[in-house]
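>>> test case, fold it:
(one chain, ligands or ions: 1)
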Amino acid sequence: MTACTERQLDRAARRVLAANWRQGATVPAAGLYPHQWSWDSAFVAIGLRHLSPIRAQRELESLFGAQWRDGRVPHIVFDPHVAADAYFPGPSFWRSASVPDAPAVPTSGIIQPPAHALAAWSAYGADPAAARARGFLPRIYPRLVAWHRYLTTRRDLTGSGLMSVGHPWESGMDNSPAWDEPLSRVTPVPTTEFTRRDLNHAAAAERPTDEDYGRYVRLARDYRDAGYTDSLRVHRFAVEDPLCNALLAAGEHALASMAAELGHDPQPHLSAAARLTDALVSTLYDPAAGSFFPRDAHTGSLIRSYSVGGLAPLIVPGLPVAAELIKTALGERFRLREACPLPSYDLTAADHDASRYWRGPGWVNTAWLCWHGLRLHGETALADDLRHRLLDRVRAAGFREYFDPLTGAGHGADGFSWTAALTLDLIRAA
Ligand code: 2M8
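As a prediction, the model looks like this:
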């Protein structure tokens, strides 16, 4: 695609989204990820709104149609038409059908980062009249409120005012080196007890090791066997993650806008956003490092590992330490001016691995969040430069799942939905 024009890139992105659309929802990538994933759908909706605002709304509605009664939005909604063994762990592992709170459609029982309120507000903004005619906001707003309530109550495992993730898969940055230490306390399930399906579609050197997979399976199995109840005792891996909490705070601002549009009082959401922002800064920000770090909920210690998640609070309106974060992004660990997409993990770290997922390569969604944050904090020149370089990367390597941030080589799945969707959004942001 190197020589392709913006128009051709746009058309190619549309083709990816059309090929990955499955009656009401988009799969992240045919083959490797054959079902609906939670935060993927949020990013897909942000791009889809430019093609069809109604399809963007439906993307979110189909996900929230599988919301549990306790408010959680599952990380995967399984497509019953897809072979049971196409993805591991599938419906027979999660057994959502036996949980009273779960919906009729089979889902996983864990969650993913809450990018949905931001996505719903953008989908609405693309065509408010069409959204009003379909009753989109009155339908999605209470569901988003219930989702945030689940996260700020049941997932506040330490009383700090921040939500915790209970599994690396819940962080979205599954294989991040930040999880190595807390994960080392988890005994892996032997590989003889499960069959990985991801290696049928991707190179082993680009995916998590068998040992880490065994740990993922152990944590998910224990959570399932505890009836998906949330407590520090149940979640032996529990981390207060800056990316998730930043999305939650930014999401409360989006909920405030929705509330105002619906004639409700936006103030409770603005207060929640302020509380989350304060808790983020006072608990997870390290001024000496100029970065946010995840906090291990069991030990109370910060995990001093520089990942793109530590820069994600840039998306929070009014963040008091935005200038410091931008300085860190420009420094040698992330090299914002050249590395693209922004590396998922510290370029200077000895264990940086530019092709293994979430241990170094760059993703378009986290780069898009930084781009959005740069614009929010008035850094339009930096944002624009990043936007151009992101589009060039995709033009050269295709709609890959992730990229070597320095050479630009594409890795993981091809025809990856959020790469295509956010490309559409970046093209239109000119
Ligand atoms: C990756 O995670 C899934 C498990 O949820 C997997 O590796 O099988 C992550 O990159 C995650 O952030 C993403 O949502 C998912 C689907 O794209 O793939």
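>>> looking at this protein, which helix is longest?
Scanning the chain for the helix with the most residues, using DSSP state H, yields helix 242-261.
>>> number of residues surrounding the residue of the stretch 51-200 of the chain found nearest the ligand?
Among all residues of the stretch 51-200 of the chain, Gly172 sits closest to the ligand, at 3.8 Å; criterion: Cβ to the nearest ligand atom. Glycine gets a C-beta too; all of them are placed from N, C-alpha and C. Neighbour count for Gly172, taken as other Cβ atoms under 10 Å: 26.
>>> and the host helix or strand of His269 with helix 242-261, angle?
Using DSSP states H and E, His269 falls within helix 267-279. Helix 267-279 and helix 242-261 are oriented at 160 degrees to each other (axes from the mean of the first three to the mean of the last three Cα atoms, to 10 degrees).
>>> hang on, the earlier thing: now do the phi/psi pair for the residue of the stretch 51-200 of the chain closest to the ligand.
For Gly172, the backbone dihedrals (degrees, to the nearest 10) come out as phi 80, psi -30.
>>> show me what contacts it?
Gly172 sits next to 39, 112-113, 243-244 when contact means Cβ atoms under 8 Å, 6 or more residues apart in numbering.
>>> please apply the same query to Asn200.
Contacts of Asn200 (Cβ under 8 Å, 6+ apart): Gly31.
>>> check the gap between it and Leu32 for me.
Applying Cβ to Cβ, to the nearest Å, the value for Asn200 to Leu32 is 8 Å.
>>> which residues of the stretch 301-430 of the chain fall in helices?
Per DSSP state H, counting those that start in this stretch, the stretch 301-430 of the chain carries helices over the ranges 322-330, 364-376, 380-397, 417-428.
>>> among those helices, which comes closest to His81?
Distance to His81, taken as Cβ to Cβ, is lowest for helix 417-428 among the helices of the stretch 301-430 of the chain, at 18.0 Å.
>>> buried stuff in that closest one?
417-427 (16 or more other Cβ atoms under 10 Å).
>>> kindly export it (C-alpha atoms) in CSV.
Extracted C-alpha coordinates of helix 417-428, given in CSV (Å, rounded to 0.1, in the frame of the first residue of the first chain):
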residue,chain,number,x,y,z
SER,A,417,-10.5,-3.8,12.8
TRP,A,418,-9.4,-1.0,15.2
THR,A,419,-6.4,-0.2,13.1
ALA,A,420,-8.8,0.3,10.1
ALA,A,421,-11.5,2.2,12.1
LEU,A,422,-9.0,4.6,13.8
THR,A,423,-7.3,5.2,10.4
LEU,A,424,-10.7,6.4,9.1
ASP,A,425,-11.0,8.7,12.1
LEU,A,426,-7.4,10.1,11.7
ILE,A,427,-8.0,10.7,8.0
ARG,A,428,-11.0,12.8,8.8
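>>> could you check how many residues crowd around the residue lying closest to Arg428 once chain neighbours are set aside?
Once flanking residues are discounted, Arg428 sits nearest to His50: 5.5 Å by Cβ to Cβ, 6 or more residues apart in numbering. By other Cβ under 10 Å, 18 other residues sit near His50.
>>> quick check: His50 is in a helix.
No - applying DSSP: H, G, I helix; E, B strand; the rest coil, one finds His50 to be coil, outside a helix.
>>> quick one: residues contacting it.
126, 424-425, 428.
>>> need the max-distance pair from those residues.
Ala126 and Leu424 (11.5 Å).
>>> off-centre distance for stretch 266-274?
Computed by Cα atoms, centre = their mean, to the nearest Å, the separation of stretch 266-274 from the middle of its chain amounts to 23 Å.
>>> report the buried residues of that stretch.
266, 269-270, 272-273.
>>> can I get the CA coordinates of that stretch in CSV?
Extracted C-alpha coordinates of stretch 266-274, given in CSV (Å, rounded to 0.1, in the frame of the first residue of the first chain):
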residue,chain,number,x,y,z
PRO,A,266,-24.5,16.3,34.7
GLN,A,267,-22.9,17.3,38.1
PRO,A,268,-22.7,13.7,39.6
HIS,A,269,-20.6,12.7,36.6
LEU,A,270,-18.4,15.7,36.8
SER,A,271,-17.9,15.1,40.5
ALA,A,272,-17.1,11.4,39.8
ALA,A,273,-14.6,12.5,37.1
ALA,A,274,-12.9,14.9,39.6
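>>> let's have the chain start at 489 instead
With 489 as the first residue, the last one maps to stretch 754-762.
>>> average pLDDT for that stretch?
What stretch 754-762 shows for mean pLDDT is 98.
>>> contacts only, for Ala607.
Listed by Cβ under 8 Å, 6+ apart, the contact set of Ala607 reads 529-531, 533-534, 544, 548.
>>> mind listing which of those are in strands?
If you go by DSSP state E, the contacts of Ala607 have nothing in strands.
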